[in-house]
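**Q** Model the structure of this input:
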Amino acid sequence: MGTKNARQISHFILSMSACMDLHGEPVSAAASVERVLDVGFWPMKPVNSGAVQVGDQVVLLAAGKDGKFAVATARVQVRETFNPKSHGRKFPLEIEGERGVCLVLADINQFEEPKPIKPMMKSLSIKAVTGEIKKITDEDFAKIVGKS
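**A** You can find the predicted model right below:
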């Protein structure tokens, strides 16, 4: 009997900028991430969705005018095809562009205070945090969440 090799857990930063709520009112980046945490899922653009898999751990980042802040961590519990009828009705923000996958989040750990990323950058292996998704090392994840 052979044993299956367990897939190694990967770590990612998922970034969200300020956007609009369903009534067309502006919502800050931090408030946008908090609303995502409330519904427990993160819709992703198709071009970005392939890398993140079930079991992976993510840092949820608010990318606003006042800087980039780590707001929470979570584990990807389920990957679902984004359905505008079911997911779209539950999602509290306007969704710009096509979404291909919805990451259902579990084990959400919201930080007591958002953690600014800029002071950490010199100690991280990545050069910058840009775009919706950024793969990071286990060590970078530990530094961001404060476990190193």
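**Q** Every contact and neighbour count from this point should use C-alpha atoms.
**A** Will do.
**Q** mind checking the SS state of E80?
**A** Here E80 is recorded as strand under DSSP: H, G, I helix; E, B strand; the rest coil.
**Q** how about it, what does it touch?
**A** E80 makes contact with V101, C102, L103, V104 under the criterion CA atoms under 8 Å, 6 or more residues apart in numbering.
**Q** Turn these into CSV, columns for distance to A63 and neighbour count.
**A** Below are the contacts of E80 laid out as CSV (distance: CA to CA, whole Å; neighbours: other CA atoms under 10 Å):
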residue, distance to A63, neighbour count
V101, 21, 21
C102, 20, 21
L103, 19, 22
V104, 21, 18
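**Q** if you skip the residues just before and after it, what's nearest to H11?
**A** Ranked by CA to CA, 6 or more residues apart in numbering and with sequence neighbours excluded, the top spatial neighbour of H11 is Q57, at 4.9 Å.
**Q** Beyond the helix or strand of the chain with the lowest mean pLDDT, next helix or strand please.
**A** Using mean pLDDT, DSSP states H and E, the weakest-scoring helix or strand in the chain turns out to be helix 86-90, at a mean of 69. Per DSSP states H and E, the first helix or strand lying C-terminal to helix 86-90 is strand 101-116.
**Q** Name the surrounding residues that touch that following strand.
**A** Contacts for strand 101-116 (CA under 8 Å, 6+ apart): 37, 40-46, 49, 67-82, 144.
**Q** where are the low-confidence patches of the chain?
**A** Counting by pLDDT under 70, the chain shows low-confidence ranges at 1-6, 46-49, 87-99, 128-131, 147-148.
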